[in-house]
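>>> Here's a sequence, model it:
(2 chains)
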Amino acid sequence: MIEMVDVWKTYPNGTNALQGIDVKIDKGEFVYVVGPSGAGKSTFIKLMYREEKPSKGSIFINGFHLGKVKEGQIPKVRRSIGVVFQDYKLLTKLSVYENVAFALEVVEAPRKTIRSRVMEVLDLVKLKNKLRSFPTELSGGEQQRVSIARALINNPGTIIADEPTGNLDPETSWEIMRIFEEINRRGTTIVMATHNREIVNTMRKRVIAIEGGKIVRDQVRGDYGYES
Amino acid sequence: MKARTFTRHVRQGFRNIFRNGWMSFASMSSVAITLFILGVFMLLALNVNHIASNVERQVEIRVFLKADTDKNAAHDLEEKMKAISEVDTVTFISKDEGLQKFKDSFGDKAYFFDGLEKENPLLDEYNVKTKDPIDTARIAETIKEYPSVDKVNYGKDTIQKLFSITTMLRNVGIAFVIALGFTAMFLIANTIKLTIFARRREIEIMKLVGATNSFIRWPFFVEGLLMGAVGSVIPVVILLFGYRYLLNFVKVDLNLYFLDLLPLHPLAWQVTGLLTGIGAFIGIWGSMVSVRRFLKI
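Here you go, the predicted structure:
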């Protein structure tokens, strides 16, 4: 479960990115976060995996109170969340297998467990045949699937995705969305910032629209609502 | 930390060196080159110190006894001089021995002085050496005041000049080595910083998937240690072979037997230990300092 109570974020340069966000996302929900560029979507997402700290207000995620966790606890918070980025953020010098395994090595899992778990998630994203390839040898869609596999490997209750289809063509985007839907069907909460009108309007889910640092719309089975 | 994690860190450290081939090469070369220069100066400074000490060690105080001193008084004086804490050795040279030595120094012309044995004009003397040659003048002045001492001789002016030269040479040597040591540290640390800067993205991703800071740091620690150690092996090998050649060259080819350089052992071990130690330390320090900057995400 994710909850934000009166969250404000002001950057050091004076930008008021978020102004009083109140939101509650239940376990197992699939939520799109939409809004024009610069509206505060990215900040909203970054606050959830603690890349940014709120200037004011409280954020609760998977039982952690983000404002109160100690520096040493942050890795634990991040392990309870899987994050998927627009630019994939893969380690180019590591193979597909190593990139995914990395997130488990971090928690000092036994090698055997790592091996079977990596195979499991690579199977889910249909990349089992590419495990020895390096990210540069893969297409954009394949790279995004690797990053989804990495986000999934810790069995996180929540996946946070920041424009995961932003760099992909429509067909590949759908491929990725089908994977997200499958993950959500298995009970994982998904919060996804997106600009993809077609996807939001076709795969109907809860939509939170952010404009000028405020939530201006929160609809169950909503639509994109902006001209793209 | 679990043993499994430890082996992972070591493995990862090794792997990183190979995967960042050129950057690792740059780091190791800068370690190698700076440590080589440092090593050359170190050998130079050590040898200057060695030669200076040798020269200093030859400094001694000659204490001449009054002609009428009897055995007991001489013995008292000897005990008194030995009791001075700065004094190392006291050797008695009777006037007969003194004359013999004097004659010997004339070789086959020694017969000029035949007959002097009956009316030996020399005085009995003590040769006194201090533990630290720098005390020579002070001790000589003290001994001069003792009863039964006729006069002391210690080459006053020569000694002072000698000491000011050796002290200066030593200080210059130490200053050079220290200055070079610092230069080496910053040069190497900078190169390592660059290699790690190129990998800040890697560190960022590690943090985002929930790696703890120490988990991220360990492979870099191993990497820094290895690069520093490997980088120092090359200059050590070159320096030791070069030095062995130099020793041989000075003794055999130049025939400079009076130029008493430090022998290869135990110098070889000292230089190896010191340079490898410095290399490893700088490697670790450089990589730790650089990683820390990127851990604040």
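>>> Check which helix or strand residue 4 maps to.
No chain specified, so I'll use chain A. Using DSSP states H and E, residue A:4 maps to strand A:2-10.
>>> that's the wrong chain, I meant chain B
Per DSSP H and E: helix B:3-19 holds residue B:4.
>>> Checking residue B:151 next. Helix, strand or coil?
Three-state assignment for residue B:151 (DSSP: H, G, I helix; E, B strand; the rest coil): strand.
>>> For it, the count of nearby residues, please.
12 (other C-beta atoms under 10 Å in any protein chain shown). All C-beta atoms are positioned from the backbone trio N, CA, C, and that covers glycine.
>>> I'd like to know which elements the helix holding residue B:4 is packed against.
Helices and strands touching helix B:3-19, as assessed by 3 or more C-beta pairs under 8 Å, 6 or more residues apart in numbering or on different chains; DSSP states H and E, comprise helix B:21-57, helix B:213-248.
>>> What lies in contact with it?
A:93, A:105, A:108, A:110-111, B:24, B:215, B:218-223, B:225-227 (C-beta atoms under 8 Å, 6 or more residues apart in numbering or on different chains).
>>> again, only this time at 7 Å
Here helix B:3-19 makes contact (C-beta atoms under 7 Å, 6 or more residues apart in numbering or on different chains) with A:93, A:105, A:108, B:24, B:218, B:219, B:222, B:223, B:226, B:227.
>>> Scan the residues you listed and report the most crowded one.
Busiest of the contacts of helix B:3-19 [other C-beta under 10 Å] is residue B:227, holding 32 neighbours.
>>> I'd like to know how far that residue sits from chain A.
Distance, residue B:227 to chain A, by C-beta to the nearest C-beta, to the nearest Å: 17 Å.
>>> Spit out the contact partners of that residue.
By C-beta under 7 Å, 6+ apart, the neighbours of residue B:227 are B:17, B:24, B:27, B:28, B:31, B:283.
>>> what's the most distant pair in the residues you listed?
B:17 and B:31 (12.6 Å; C-beta to C-beta).
>>> ok, these two, which is more surrounded?
Between residue B:17 and residue B:31, residue B:31 has the larger neighbour count (other C-beta under 10 Å), namely 31 against 21.
>>> returning to that earlier point: residues making contact with the following helix or strand past the strand holding residue A:4?
Heading C-terminal from strand A:2-10, the first helix or strand you meet, by DSSP H and E, is strand A:16-25. With C-beta under 7 Å, 6+ apart as the test, strand A:16-25 has contacts from A:1-11, A:31, A:40, A:43-44, A:189, A:191, A:208, A:213-215.
>>> For chain B, which residue gets nearest to chain A?
Nearest residue of chain B to chain A: residue B:210, at 3.7 Å (C-beta to the nearest C-beta).
>>> That residue falls within a strand, correct?
No: assessed by three-state DSSP, residue B:210 does not belong to a strand; its assignment is coil.
>>> Regarding chain B, what is its longest helix?
The residue-count maximum for a helix in chain B (DSSP state H) belongs to helix B:156-197.
>>> Against which helices or strands is that helix packed?
Applying 3 or more C-beta pairs under 7 Å, 6 or more residues apart in numbering or on different chains; DSSP states H and E, one finds that helix B:156-197 makes contact with helix B:21-57, helix B:136-144, helix B:264-294.
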